[in-house]
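**Q** heads up, no residue letters with this:
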């Protein structure tokens, strides 16, 4: 055997093996790093490849639209929701508000909406002097056009009645109050009473017009906040809880339409389906569109939208729709705006019993008597000339707002 030739061949073989291992390890690292970079930044791969950090360059709320993907809630960002039905033609907005035309309203309510979704999106905002005390629901359609909708991050400190007028007072026909928001005691408190004025007073609770002392001198609306709040036409369509037995009746998109008059659900034919004002409450559909869908990618959002909302809390297969939702609050019963259309003294409310009970929640499954106590979470729309001044939407660095001067 030629030992010199064997030694030379052995060295060559060893070199080739080492070189192969180098390329294998290097290539593997490159693939890993590429995947890691994608994983770290996939939240920015929304529409046109990687985009800047959410707040960078954000000059107006319209720019929120560039971060949305139709029908997907991507990594706690914003989902684009389309509304294609013709239900709005059933309502005569022009007769209600002479400054509107039905054609304009119809077009306004057909625009895609952009809503924050997931378990904890960066949508905190400083408003009414409350640092990170409010959150942005999204760019939402109204008859007057698209507006930014805000909701208080936490309920007011006192639980109150939705309404509790005595029989014969206003629209009340029983001593339990009336579920007509246009003259509800809570509506008057929020829009012209102690909360709106930022002072102490009496608040509704109990039957036959009962009251309790309440003080909003610290948490009531400031003059600066009032300057930013728009007067909007709120829709007051109702829904009957037993209709949920109908297949898919309580899909999110269907609740959205019931609220806005599909089928003109109301207790009597002369019951108003619209109200103009500044402060209202959440709709059921606001909860629905805030769902995420399990994990950072939120790929189950379409499944949540295709599943009746009642199943979110009663079926463990869909519980992620309920708990991956930034509007969800456990062990809290709170008033919503939608009335029960089969009675004059009940409205819908949200109550989540928490994950330690089964079913996990009575999520949107019941109505409640108007005069009973429940949490109040004010909701409002900003004027179109309000814009972001600074912030990134986190609870540590919330958005700050300013009124744009023309």
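**A** Perfect, I can see it now. None of the values given here were measured: they were computed from a predicted structure.
**Q** can you tell me how far the residue lying closest to residue 122 once chain neighbours are set aside sits from residue 117?
**A** Sequence neighbours aside, residue 393 is the residue nearest to residue 122 in space, at 3.4 Å (criterion: C-beta to C-beta, 6 or more residues apart in numbering). For every residue, glycine as well, the C-beta is placed using N, CA and C. Separation of residue 393 from residue 117 (C-beta to C-beta, to the nearest Å) stands at 13 Å.
**Q** Look up how far residue 112 lies from residue 73.
**A** From residue 73 to residue 112 the distance is 14 Å (C-beta to C-beta).
**Q** Comparing the two, which residue is more hemmed in?
**A** When residue 73 and residue 112 are compared for neighbours, residue 73 comes out ahead with 31 against 16, by other C-beta atoms under 10 Å.
**Q** Compare residue 393 and residue 117 (neighbour count), which wins?
**A** Set residue 393 next to residue 117 and count neighbours by other C-beta under 10 Å: residue 117 wins out with 30 against 20.
**Q** Show residues contacting stretch 188-206.
**A** For stretch 188-206, contacts defined as C-beta atoms under 8 Å, 6 or more residues apart in numbering pick out 156, 158-161, 163-164, 185-186, 210-217, 219-222, 226, 277-280, 371, 373, 376, 378.
**Q** Now do the contacts for residue 329.
**A** Applying C-beta under 8 Å, 6+ apart to residue 329 gives the contacts residue 352.
**Q** Surely it is within a strand?
**A** No. Applying DSSP: H, G, I helix; E, B strand; the rest coil, one finds residue 329 to be coil, outside a strand.
**Q** Which element is encountered next along the chain beyond the longest strand along the chain?
**A** Criterion DSSP state E: the longest strand present in the chain is strand 130-142. Downstream of strand 130-142, the first helix or strand assigned by DSSP states H and E is strand 145-152.
**Q** That following strand to strand 130-142, inter-axis angle?
**A** Calculated by axes from the mean of the first three to the mean of the last three C-alpha atoms, to 10 degrees, strand 145-152 forms an angle of 150 degrees with strand 130-142.
**Q** three-state assignment of the residue nearest to residue 122?
**A** Applying three-state DSSP: residue 393 is coil.
**Q** Please report the distance of it from residue 73.
**A** 15 Å.
**Q** and what of residue 259?
**A** 21 Å.
**Q** Kindly report the same for residue 331.
**A** In terms of C-beta to C-beta, residue 331 sits 25 Å off from residue 73.
**Q** In a strand, residue 105, correct?
**A** No. Counting by three-state DSSP, residue 105 is not part of a strand but helix.
**Q** list the contacts for it?
**A** Residue 105 neighbours (C-beta under 8 Å, 6+ apart): 88, 91, 93, 94, 143.
**Q** Show the model's pLDDT score for it.
**A** pLDDT, residue 105: 83.
**Q** Equivalent analysis for residue 279, please.
**A** Looking at residue 279, its pLDDT reads 98.
**Q** Can you tell me the closest non-neighbouring residue to it?
**A** Residue 279's closest residue in space is residue 190 (C-beta to C-beta, 6+ apart), at 3.9 Å.
**Q** go on, residue 179?
**A** Leaving aside its chain neighbours, residue 179 sits nearest to residue 339 (3.8 Å; criterion: C-beta to C-beta, 6+ apart).
**Q** Isn't that neighbour up against residue 349?
**A** No. With contacts counted by C-beta atoms under 8 Å, residue 339 stays clear of residue 349, the gap being 10.9 Å.
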